[in-house]
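Enquirer: A predicted structure for the sequence below; I have some questions about it.
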Amino acid sequence: MQNDKKVIVMAGFLGSVLVILMVATFILSNLQKSRSFGTQTAANDVGTKTQTVDLNRQPVEESTSPATSTPNGTLAEAPQPLPHINFRTWDDVNSVALTRTSAPVYELNQSYTFEEVRDIASTLGASDSIKKKRTNVIAYKVDSTNKTASLLQFDTQNGEFTYTSTPGQTLPEASDINTGIYEFMKTINIYDASLKVTATYKNKAYPELTFYEVHRDWSAVSAPILNTVGLLNLSEKQALNSLTLATANAESPENTDICATSDGKDGLERQKDFNTMTLALTEDKRIKFAQSNIRRLNATAPREVSLINYDEAKKKLQEKKYSFLLTTPAGSGAVQWTNIYPQNQANAQEAVITEAALSYLESAPATTQSELAPYYVFKGYSQLDSGFRVNYIAAVPAIVDETTQSRNIFSPFIKEVHAQQSPDGDNGQKQGSFDLSPSPSVQPTPVDETSCNPTAAQLNPVYEINGTKFGWANVRVWQGKLSTGKRGWWYLIPKPSTTDATLKDEVNQVVLQVRSLANESDFREFDKILLDFQLRGNSCPVRVTGASPSIFVYGDEGQKVSVASGAQLTYADPVTTGHNTWNVTITADGLDVNGLTRPYIYYEYKPVAFTKPSHGWVVRKDQLPALATSVSQELGLTSDETTRALFELNHAASSVSHDLLYVGLVNTQELNARLPLTVSPTPNHTYRYHFFVAKAQNSDRTSAPHLSSVVRSGLTLIEIGSSNQ
């Protein structure tokens, strides 16, 4: 709520219309808050100088000439389409019991009239001046004598609003505060019986205020209400059936200012991404601040509809009759997009369903939505043919008569996704732009082009997906000046380790998320983004692909093992704990690694140069499967280990442009020295096989190394990796 405090303080010194408009612009930027139910981050350090890279095509300014080629202003196209997904079979890892036969469907208000917003502004004492442009309404009242002001920003398309007032709006008289809040909501025509005060908390920065959270209660509408975009942000450990209206969870970002929480979640950021109204009240029951993204229900009674059963929903999933299916890499860190999705394909023999739930889905708050309807939501994972594990979220309409859901709430974004994923899809379908009207403008201010504009602290919201951060701002540098626009711009926040080579993979991840988050389709060309990055980027070494191992651990069931890598990791699956550590428990089904089930550990690291082995093989790329099979047979590897050996060979070979390769095995002593691995307790047997892959030279002679079969007794660790040179 740091930004909210700034709004309240500034409002106390309003003395002119110009200042009010500047505050309105500031509030509009704050309104673009987090939409995800899962991980989100906030950049609160106003002194931070983290570099940001602008992802958007620069639009034509309303008041000036079109943008030209500047570090943050070049017309361009999206760098990467979404991958085509083809999961050939679907399997339940657990039995799923979803037996409901009917559910209500609620009609949602899709627009507010100017007259409705004018009445709301009058009720809130902010109606001295009211202006509308496209879907945005700004209303305010300024008392220059008493130096007070009230301000309302309202989006007529979806009902999102922000209200701030220095005198404060008095809460209606009632038997208790909660009832008073409901009466207040009735005065602004948003209340219905499903809306409940679910939590209260304090913020140390505003000791005079108590914050109240209102949500549409899940039990009142008969099923959970989930956010379509935020579902993909749920961690692998977060079960769908464990989600509650307690808006903070163990994985929420820290915020030490949050205290006195009614749900016992002190020190954690409040999750108010959707389906939330937050009100800040003084001790004498005056509303100083209110912010809402709750969608209003139409007055008509909900209609009861028949539901398909779980088996029918699963069949629709297999037939690709889903509303959406999205994947994300299971590990953390940066990994090359083309390695995960070669030829932009996400192919897999099997997708495993770990859980399913019947729920209502809300689309991104910035979009219109006609109804709140039930869906079967599927969550799980798949081992792609590329060798990488991905997690997925899918949704299938639950209504028997699909025509009742013909107005797809995920359109236009899902049109493009489904067109690419379905063989019968219309590949010519195009998504629409995220069309928001411009906010009241302020005069462009000359800026120091050597600093970051905007800084990471100016982005709101800031998201983090698999370690890649990105956010939105309503400011940009254009023709050497700082300007604003309500449509805003999306920015990538490069990691300290980001290089020219890894930038594109980060950009591709962000583009996928921004498309789903905001229906955005207008992106800059990658070479322009790269140029911007190079102008202000860091000096980290360029990452070379192909440096990766897979670790298998064997022993007695229940045995606990700690495995730590001394390398500089760029990607890890599962995610490591501190000091690049995996805490492993050997189970009957494989490995429990830091609380996640895996058959092996996989990681990638910054390049390490190894000495060319004196013994090796000269092979063509199409001979790698035969080489992997031959080596695996000599070593006595299992079928899973053989599969990973071929994966590692292909992984390294993909970055070698020449077809004829020299392949050897890195010397174990050199490997231990340059890529240390610490295992506790010490295994009875440790085997580390790392393929050295490089372009074959005329001087290379084949002299295969001597290989001995592995011994599997007691605690045994087998690592199979590769490195291209």
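Expert: Alright, I've got the coordinates.
Enquirer: And the residue nearest to N344 when sequence neighbours are not counted, what's its pLDDT?
Expert: With sequence-adjacent residues excluded and distances taken as C-beta to C-beta, 6 or more residues apart in numbering, N344 is closest to P83, at 5.0 Å. Backbone N, C-alpha and C define where each C-beta goes, glycine included. According to the prediction, P83 has pLDDT 79.
Enquirer: neighbours around P83, how many?
Expert: Counted with other C-beta atoms under 10 Å, the burial measure for P83 works out to 24 neighbours.
Enquirer: Report pLDDT for G159.
Expert: 89.
Enquirer: give the contact list for the residue nearest to N344.
Expert: Shown in contact with P83 (C-beta atoms under 8 Å, 6 or more residues apart in numbering): T327, Y341, N344, Q345, A346, Q420.
Enquirer: Check those against P172 and report the nearest one.
Expert: T327 (48.5 Å; C-beta to C-beta).
Enquirer: What is the longest strand seen in the chain packed up against?
Expert: Under DSSP state E, the strand in the chain containing the largest number of residues is strand 345-362. Judged by 3 or more C-beta pairs under 8 Å, 6 or more residues apart in numbering; DSSP states H and E, strand 345-362 is in contact with strand 84-92, strand 225-227, helix 310-318, strand 374-383, strand 389-397.
Enquirer: Could I get the full set of strands for the stretch 101-250 of the chain?
Expert: Secondary structure of the stretch 101-250 of the chain, counting by DSSP state E, counting those that start in this stretch: strands at 102-107, 129-133, 136-143, 148-155, 161-170, 195-203, 210-216, 225-227.
Enquirer: so can I have CSV of those showing distance to L279 and mean neighbour count?
Expert: As requested, the strands of the stretch 101-250 of the chain are exported to CSV (distance: least, C-beta to C-beta, whole Å; neighbours: other C-beta atoms under 10 Å):
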stretch, distance to L279, mean neighbour count
strand 102-107, 23, 17
strand 129-133, 22, 14
strand 136-143, 18, 22
strand 148-155, 14, 25
strand 161-170, 9, 22
strand 195-203, 9, 20
strand 210-216, 5, 22
strand 225-227, 20, 22
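Enquirer: Just send those strands back as JSON lines, with distance to D589 too.
Expert: Listed next are the strands of the stretch 101-250 of the chain as JSON lines, based on distance: least, C-beta to C-beta, whole Å:
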{"stretch": "strand 102-107", "distance to D589": "35"}
{"stretch": "strand 129-133", "distance to D589": "58"}
{"stretch": "strand 136-143", "distance to D589": "54"}
{"stretch": "strand 148-155", "distance to D589": "49"}
{"stretch": "strand 161-170", "distance to D589": "49"}
{"stretch": "strand 195-203", "distance to D589": "38"}
{"stretch": "strand 210-216", "distance to D589": "38"}
{"stretch": "strand 225-227", "distance to D589": "29"}
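Enquirer: who wins for proximity to I308 among these?
Expert: Minimum separation from I308 across the strands of the stretch 101-250 of the chain (C-beta to C-beta) falls at strand 102-107, 11.0 Å.
Enquirer: Give me the contact list for that closest one.
Expert: 221-223, 297-298, 300, 302-307, 358, 360, 370-374, 398-399, 404.
Enquirer: can you do 6 Å?
Expert: Contacts of strand 102-107 with the rest of the structure, by C-beta atoms under 6 Å, 6 or more residues apart in numbering, involve 222, 297-298, 300, 302-307, 371-374.
Enquirer: Repeat that for stretch 612-626.
Expert: Under the criterion C-beta under 6 Å, 6+ apart, residues 627, 646, 649, 653, 659-665, 692, 696, 700, 702-703, 705 lie in contact with stretch 612-626.
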